[in-house]
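*Asks:* output the structure for:
(one chain, ligands or ions: 1)
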Amino acid sequence: MGGLDVRMREVVCRHGRVEAVSDVDLEIAAGERVALTGTNGSGKTTLLRAVLGLHRQTTGSIRVGGREGRSPAEWAWRRRACAWIPQKPAAGRFPLLGAELLAGSNAPAEAAEAAERLGVAPLVGRPLHTLSGGQLQRMYLARAIGCIAAGAELLLADEPTAALDFDGQSEAADVLTSLPVTLIVVTHDRALADRCDRVLEMAAGHLREVR
Ligand SMILES: Nc1ncnc2c1ncn2[C@@H]1O[C@H](COP(=O)(O)OP(=O)(O)OP(=O)(O)O)[C@@H](O)[C@H]1O
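*Replies:* Numbering: from 1, shown residues only. I've put the predicted structure just below:
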């Protein structure tokens, strides 16, 4: 089993004056699958974005594979090391096509193959904003599989099954928990959490181990 270890020390994330993540310490072993649950607005998305370097107002230490994100070169490495399934797509200036999203994985053939398996291959010519919520999540999962084929060893997934139908939820949970990477998945889906090695709960920015 591959995967990178993750180590967080005294991580604090703010949105202006709001402290969304408070003093989080966390160690995740290489290859572990961790579900991050908790109430709405408790800081889960903010913490995942901090790991990716997308949340600037972050203090403390976040190491992935033993590497801190202190320099542009370290962040470039972190971007390649992480596959990311966002809760909602970033608003870009131009519409992005499904095929362009898949190509961004650096392993377009593997991503396209995953899109085929996940039933969204016929939609790759469409702009992402025209896809349904579930179709979009399948497209992002296909991209993540491409990123992993290209060498990513940490998958950060933010509610990746929230918009899927029942069969899709179960299929995506199988795929997510069988990938040869470390997984941190934000989820309100009990069946997905049950398949993970550990379950953590976030409440008002604080993290605690549930299982
Ligand atoms: N761009 C922003 N500007 C200001 N406050 C924000 C911003 N994004 C999030 N917040 C606030 O930060 C806190 C944590 O939000 P976050 O999105 O991390 O929660 P979450 O646990 O992922 O919630 P959910 O389960 O609803 O997705 C919330 O109080 C939220 O209102």
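*Asks:* so which bits of the chain are right by the ligand?
*Replies:* H15, V18, A20, G38, N40, G41, S42, G43, K44, T45, T46 (CB under 6 Å from any ligand atom). Every residue, glycine included, has its C-beta placed from N, CA and C.
*Asks:* narrow those to those in helices?
*Replies:* Of the residues of the chain next to the ligand, the ones assigned to helices by DSSP state H are K44, T45, T46.
*Asks:* my guess is D25 contacts V6. True?
*Replies:* No. At 11.6 Å, D25 does not count as touching V6 under the criterion of CB atoms under 8 Å.
*Asks:* where in the protein is pLDDT low?
*Replies:* For the chain, the stretches with pLDDT under 70 are 1.
*Asks:* how about the strands in it?
*Replies:* Counting by DSSP state E, the chain has strands at residues 6-15, 18-28, 33-38, 58-64, 67-68, 82-85, 154-158, 182-186, 198-203, 206-209.
*Asks:* buried residues in the second one?
*Replies:* Using 16 or more other CB atoms under 10 Å as the burial criterion, the residues of strand 18-28 that qualify are E19, A20, V21, S22, V24, L26, I28.
*Asks:* tell me how far the nearest residue to the last one once chain neighbours are set aside lies from the ligand.
*Replies:* Setting aside the residues directly before and after it, I28 is nearest to V6 in space (CB to CB, 6 or more residues apart in numbering), at 4.2 Å. V6 sits 17 Å away from the ligand, going by CB to the nearest ligand atom, to the nearest Å.
*Asks:* neighbours of V6, how many?
*Replies:* By other CB atoms under 10 Å, the residues close to V6 number 23.
*Asks:* what are the buried residues along the lengthiest helix in the chain?
*Replies:* The longest helix of the chain (DSSP H) is helix 133-149. Buried residues in helix 133-149, defined by neighbour count with 16+ other CB under 10 Å: 134-149.
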